[in-house]
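A.B. asks: Need coordinates for the below:
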Amino acid sequence: MMANDGKYLSLLENVSDSVTIRSWDGRIIEANPAACQLLGYNHDELCVKNFMDLIAPECHDRLNSIRETLMRTGFVDYETFFIRKDGSKFQGEARCVVIQDQDVVMCISRDVSKRKQIMLELNEFEEKYRLIVETANEGIVVADDVQQINYVNQKTVDLLGYEVDEIVGLNIMELVYKDDLLDYDKRVENRKRNIAERFERRFIHKNGSVRWMIVSVTPLQDNGKFIGSFAMLTDITDIKLAEVALRDSEEKYRLVVESAAEAIFILDNNGIVVDVNNKLLEISNLERGDVVGQNFTVSLPKFGIDAEDAFEKFIGSIQGKKFIKNRFWTALVKGRQLNFISHASKLIRDGEIKGMSIILEDVTERLDIESRLRDSLKEKERLLLEKDVLLKEIHHRVKNNLQIISSLLNLQSVNIVNEHDKKIFLDSKSRIKSMAIVHEQLYQSEDLSRIDIENYIKRLADSLFNSYNVNPLIRFNLDVENVKFGVNTAIPLGLMINEFLTNSLKHAFPCIYKGQVSLTNFPPVLSKNATIMGDYCQINLNLSTEDGKYILVISDNGVGLPRDLDYRNTSTLGFQLINSLVNQLDGIITLDRTRGTEFRIEFQGS
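C.D. replies: Predicted coordinates for the structure are as follows:
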């Protein structure tokens, strides 16, 4: 028999996997050292065992099926749970082969418990990462090595108007505006050389409209081989349209430019600085008079930038020789090296180039983060760090976009004469502000998933008191437990509080606005330990927990709601929004008219 062959036994001893030889009735005839070590028996103990003794009882039902396959095909692969001598179980995979000339079965098995656990953890981690990608506020596109799209997230679907199955399978160039395809092949070649890039592109919406995007693309490699691209799409269509509209009004231009988060400067066709925004002065530590009216190259040597090279490229762009829309800059500012990407646009009037507008985007922090990400690509922590970077970027961009919307509302309200319409704009601005504060706090916080609700409510109330120029006789009393909420709770909760406070400030105390009362050094928001003095008109907000639920109580001692008002069925936008937000939080709302107005909302937060 083979079990007695010296060469055969020597071969078994050198195999790292567990190998047993058994008869058709399951009796183990021979076993190698790896099998003894795996199962915890010595050789003599193992060779008197039946194979059934080594299989967990709950797996015995499958053995007949496995035996039938083995008899029919001569081999079988399967997974099962084995039992060691000490009674412990482990998950293993096995291959059994019939040795025809010996009429015995050889089984090769190995412990795959650790591998199964690792796969389980990877699947769980992949699911968490997928949720982050699907809820991202920027479009995400993954393409293969021939630029065929393999994956898009929901934001990409929203940006371009197609369904997922309409986009997946397309070549990226099929979605790009035809005039922007001139350097397409060059961009692809850069990715094959493992060069990450950031540039602007126009995409075609399903309805035929053009959408401007900033594309941040990173090559994907496998063992040094280019296998595809990972791209993030940021919609800048509104910014591009705003650039056209700004030429019609200097005042509109000034408001938008000064509210921008990036440094901006305008040059005439000779390179003379026509205007700059405050952000550029803040970054450069220069005065407006040091810059405006001077050639833009005058100040460049102070920041370690080659003035001659910069002016040569500017003239080439103006004269149409080679227009450089986007360029990377490194500058020494206040003793620190900063990195910028310049986004240039020609200023054309009556068919002639009148100058150039340049937006300087500070990418120092982003490049630093990207560098750290690249350095840690081989580590498991890469995905966690990337998640934090993406979330910070998302919250930062959402906050900036909300601020731009708020600025545009301010701009539009200047031309509104009707007071009722102005109030509508003011209410809309406060609602936008309530959402912007959430994203601003999350962006500034170390914890990207939770927000300190007490600090948030204080900032929200302070903003409302300033916006509505509240009479100092009205006091706001805040009593909030130490609670932190996720963004899915904080935003609807903040919008709801905004509506309640706005309603109290506008309607609860009409009598005090008949005359003007002046008090000095009056803080609009008091802490929960502050003393309430005199007969001030009061608005109270309490947030507590009770039996696993959150209880929000907002009240005032004002004139109260009209008796015939059904707040659950009203045409006013405020109460419609409140009822919708309560439903969004799976909450219950009740009203007490006993003393002024008191709303109580019970909800499950997250």
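A.B. asks: which intervals of the stretch 451-600 of the chain have sub-threshold pLDDT?
C.D. replies: 512-536 (pLDDT under 70).
A.B. asks: Would you state the strands of it in chain order?
C.D. replies: Here the stretch 451-600 of the chain has its strands, by DSSP state E, counting those that start in this stretch, at 451-452, 474-480, 484-485, 525-526, 537-546, 549-556, 588-592, 597-603.
A.B. asks: which of those strands sits most buried?
C.D. replies: Of all these, strand 451-452 carries the top mean neighbour count, a mean of 22, counting by mean count of other C-beta atoms under 10 Å. Quick note: C-beta positions are derived from backbone N, CA and C, even for glycine.
A.B. asks: Listing partners with orientation, what would you give for it?
C.D. replies: strand 484-485 (antiparallel) (DSSP bridges).
A.B. asks: quick one: contacts of the strand it pairs with?
C.D. replies: Applying C-beta atoms under 8 Å, 6 or more residues apart in numbering, the set of residues contacting strand 484-485 from outside is 447, 450-453, 493, 605-606.
A.B. asks: Show me where the stretch 151-300 of the chain dips below the pLDDT cut-off.
C.D. replies: In the stretch 151-300 of the chain, residues with pLDDT under 70: 245-260, 299.
A.B. asks: returning to that earlier point: can you flag the buried ones in the contacts of strand 484-485?
C.D. replies: 450-453, 493, 605 (16 or more other C-beta atoms under 10 Å).
A.B. asks: and Ile359, that one's in a strand?
C.D. replies: Yes. Per DSSP: H, G, I helix; E, B strand; the rest coil, Ile359 lies within a strand segment.
A.B. asks: so what's it closest to, chain neighbours aside?
C.D. replies: Spatial nearest neighbour of Ile359, excluding adjacent residues (C-beta to C-beta, 6 or more residues apart in numbering): His343 at 4.5 Å.
A.B. asks: And the pLDDT at the one you found?
C.D. replies: The per-residue pLDDT reported for His343 equals 78.
A.B. asks: which SSE is it in?
C.D. replies: In the assignment (DSSP states H and E), His343 maps to strand 336-349.
A.B. asks: the strands in the stretch 51-200 of the chain, which residues?
C.D. replies: Secondary structure of the stretch 51-200 of the chain by DSSP E, counting those that start in this stretch: the strands cover 75-83, 89-99, 104-111, 139-144, 149-152, 197-204.
A.B. asks: From the chain's centre, how far out is the second one? Work that out for me.
C.D. replies: Read it as strand 89-99. Centroid separation for strand 89-99 versus its chain: 45 Å, with C-alpha atoms, centre = their mean, to the nearest Å.
A.B. asks: Equivalent analysis for the fifth one, please.
C.D. replies: On the basis of C-alpha atoms, centre = their mean, the separation between the geometric centre of strand 149-152 and that of its chain is 18 Å.
A.B. asks: Alpha carbons only: can I get it in PDB?
C.D. replies: Coordinates of each C-alpha in strand 149-152 appear next as PDB, following Å, rounded to 0.1, in the frame of the first residue of the first chain:
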ATOM      1  CA  ILE A 149     -17.300  53.900 -17.200                       C
ATOM      2  CA  ASN A 150     -17.700  51.100 -14.600                       C
ATOM      3  CA  TYR A 151     -19.200  53.000 -11.700                       C
ATOM      4  CA  VAL A 152     -20.900  56.300 -10.900                       C
END
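A.B. asks: Now do the buried residues in it.
C.D. replies: Neighbour-count burial for strand 149-152, counted by 16+ other C-beta under 10 Å, picks out 149, 151-152.
A.B. asks: can you put those in a markdown table and add distance to Lys354?
C.D. replies: Shown next, in a markdown table, are these (distance: C-beta to C-beta, whole Å):
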| residue | distance to Lys354 |
| --- | --- |
| Ile149 | 40 |
| Tyr151 | 44 |
| Val152 | 40 |
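A.B. asks: still on that earlier bit, the residue nearest to Ile359 - how many residues pack around it?
C.D. replies: By other C-beta atoms under 10 Å, the residues close to His343 number 21.
A.B. asks: any idea how far it lies from Val292?
C.D. replies: According to C-beta to C-beta, to the nearest Å, His343 stands 21 Å off from Val292.
A.B. asks: residues in contact with the residue nearest to Ser345 when sequence neighbours are not counted?
C.D. replies: Nearest in space to Ser345, with sequence neighbours left out and distances taken as C-beta to C-beta, 6+ apart, is Ser357 at 5.0 Å. Contacts of Ser357 were listed using C-beta under 8 Å, 6+ apart, and they are 243, 264-267, 344-345, 347.
A.B. asks: now, which of these sits nearest Leu581?
C.D. replies: Ranked by distance to Leu581 (C-beta to C-beta), the contacts of Ser357 are led by Glu243 at 35.9 Å.
A.B. asks: which residues touch that closest one?
C.D. replies: Taking C-beta under 8 Å, 6+ apart as the test, what Glu243 contacts is 345, 357.
A.B. asks: name the element it belongs to?
C.D. replies: With elements delineated by DSSP H and E, Glu243 resides in helix 237-246, which encompasses its position.
A.B. asks: same check, this time on Gly289
C.D. replies: For Gly289, the secondary-structure element it belongs to, assigned by DSSP H and E, is helix 288-291.
A.B. asks: CA-only coordinates of that helix, as PDB, when you get a sec.
C.D. replies: Written as PDB, here are the backbone C-alpha positions of helix 288-291 (Å, rounded to 0.1, in the frame of the first residue of the first chain):
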ATOM      1  CA  ARG A 288      -4.700  97.400  -2.100                       C
ATOM      2  CA  GLY A 289      -2.500 100.400  -3.100                       C
ATOM      3  CA  ASP A 290       0.500  98.200  -3.400                       C
ATOM      4  CA  VAL A 291      -1.200  96.000  -6.000                       C
END
